[in-house]
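Chemist: Following is a predicted model, sequence given first.
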Amino acid sequence: MSFESRCSQPSRQIFFIACFFMLLSTPFSVGSEKQNKSNERIGSLKASKSLFLGNSLTLHGPRPDIEWFANWGMAATAAENDYVHRLTLAIKNRTKGDLLLDPADTKGSKGIENIRNIAAVFEVGYRTYEASKLDRQLQWKADIVIVQCGENVPAQDFDATAFQRALKTLLNDLKAASDPHIFVTGNILWSNTGLDDIKKEVCAEDPTKRTFVGISKYASDVPKYGPVGHPNDQGMKLIADTLFAAILKQANEK
């Protein structure tokens, strides 16, 4: 006699209802993976979630007027060749884990947006920066944050005090959100010692969690690394390699 014929209709209903609630109470494997993912590290540094805040070197949407049709770091030949993707791959190879990259979408649709161009809200608009302008990025609660900025800060009427205050506020907002390790780049495309001195001073206020990363080698051979005014693939590799070396040093790794 079959199972169905031996069980009454009410009994079968009770059985399936019980199975349904058992499934609800069983954790999905995705949750377990997320829990394991939180343990990914490079030495002493957590490395499960990254955040990139920068200018066009980090992310630039299409601009047909200058024959740029992509949405990644200008002017890499492909997404995987910009410094964000190169650095992410280096981290993933070290942790044997995974890092999600979700750039801000030029069409305005919302996602995680853990790659964000902050030229307008911070570099140009440093006088009026506030946490609400990066709310989505702060909510991401990253472990490692790259802040690549400076090239678009207007030289005319530059207010050093206001910029320093804005940078302090930005780094404090990041700290309050998830206490990440923050790596702040010096100016890359051209030298600006005044800005870099401010960045160094603000990073020195929390040296265990903030690292200034000078990328002066780029300026030593601009035609080699960025003949069109932005890093070519080789320039992007230099930026990624320099940042990764700084991460390994901070993590007490070789």
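Modeler: Perfect, thanks for sending it. Numbers count the residues shown, from 1 in each chain.

Chemist: list the buried ones in stretch 148-163?
Modeler: 148, 149, 150, 151, 153, 163 (16 or more other CB atoms under 10 Å). The C-beta positions use only the backbone N, C-alpha and C, and glycine is treated the same way.

Chemist: scratch that, stretch 229-242 is what I was asking about
Modeler: Applying 16+ other CB under 10 Å to stretch 229-242 flags 230, 231, 232, 233, 235, 236, 237, 238, 239, 240, 241, 242 as buried.

Chemist: a markdown table for the buried residues of stretch 148-163, including distance to residue 68?
Modeler: Putting these into a markdown table (distance: CB to CB, whole Å) gives the following:
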| residue | distance to residue 68 |
| --- | --- |
| 148 | 18 |
| 149 | 20 |
| 150 | 21 |
| 151 | 16 |
| 153 | 22 |
| 163 | 28 |
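
Chemist: Mind checking which of these land in helices?
Modeler: Per DSSP state H, helices hold the following members of the buried residues of stretch 148-163: residue 163.

Chemist: mind putting the buried residues of stretch 148-163 in CSV, pLDDT included?
Modeler: Listed next are the buried residues of stretch 148-163 as CSV, based on pLDDT from 0 to 100:
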residue, pLDDT
148, 98
149, 96
150, 96
151, 95
153, 97
163, 98
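
Chemist: still on that earlier bit, state the pair within the buried residues of stretch 229-242 that is farthest apart.
Modeler: Pairwise distances across these peak at 17.4 Å for 230 and 241 (criterion: CB to CB).

Chemist: Spatially nearest residue to the residue nearest the centre of the chain (excluding sequence neighbours)?
Modeler: Nearest to the mean C-alpha position of the chain, by CA atoms, centre = their mean, lies residue 51 at 1.9 Å. In space, and not counting its chain neighbours, residue 51 is closest to residue 142: 3.6 Å by CB to CB, 6 or more residues apart in numbering.

Chemist: repeat for residue 131
Modeler: Using CB to CB, 6+ apart, the nearest residue to residue 131 is residue 173, at 4.5 Å.

Chemist: Could you list the residues in contact with the helix or strand hosting that neighbour?
Modeler: Assigned by DSSP states H and E, residue 173 belongs to helix 160-178. Helix 160-178 has contacts (CB atoms under 8 Å, 6 or more residues apart in numbering) with 51, 122, 126-127, 129-131, 134, 138-143, 145, 147, 153, 180, 182, 184, 194-195, 198-199, 201-203, 205-206, 209-210.

Chemist: filter the residues you listed to the buried ones?
Modeler: 51, 122, 126, 129, 134, 138, 140, 142-143, 145, 147, 153, 180, 182, 184, 195, 198-199, 202-203, 209-210.

Chemist: ok, and the closest non-adjacent residue to residue 150?
Modeler: Spatial nearest neighbour of residue 150, excluding adjacent residues (CB to CB, 6+ apart): residue 187 at 4.2 Å.

Chemist: residues near the one you found, how many?
Modeler: 22 (other CB atoms under 10 Å).

Chemist: Please name the residues that touch it.
Modeler: By CB under 8 Å, 6+ apart, the contact list for residue 187 reads 150, 151, 195, 196.

Chemist: Residue 200 versus that one, what's the distance?
Modeler: Using CB to CB, to the nearest Å, we find residue 187 at a distance of 12 Å from residue 200.

Chemist: One more: residue 190?
Modeler: Distance of residue 190 to residue 200, computed by CB to CB: 18 Å.

Chemist: These two: which is more packed in?
Modeler: Higher neighbour count among residue 190 and residue 200: residue 200, with 15 against 11, using other CB under 10 Å.
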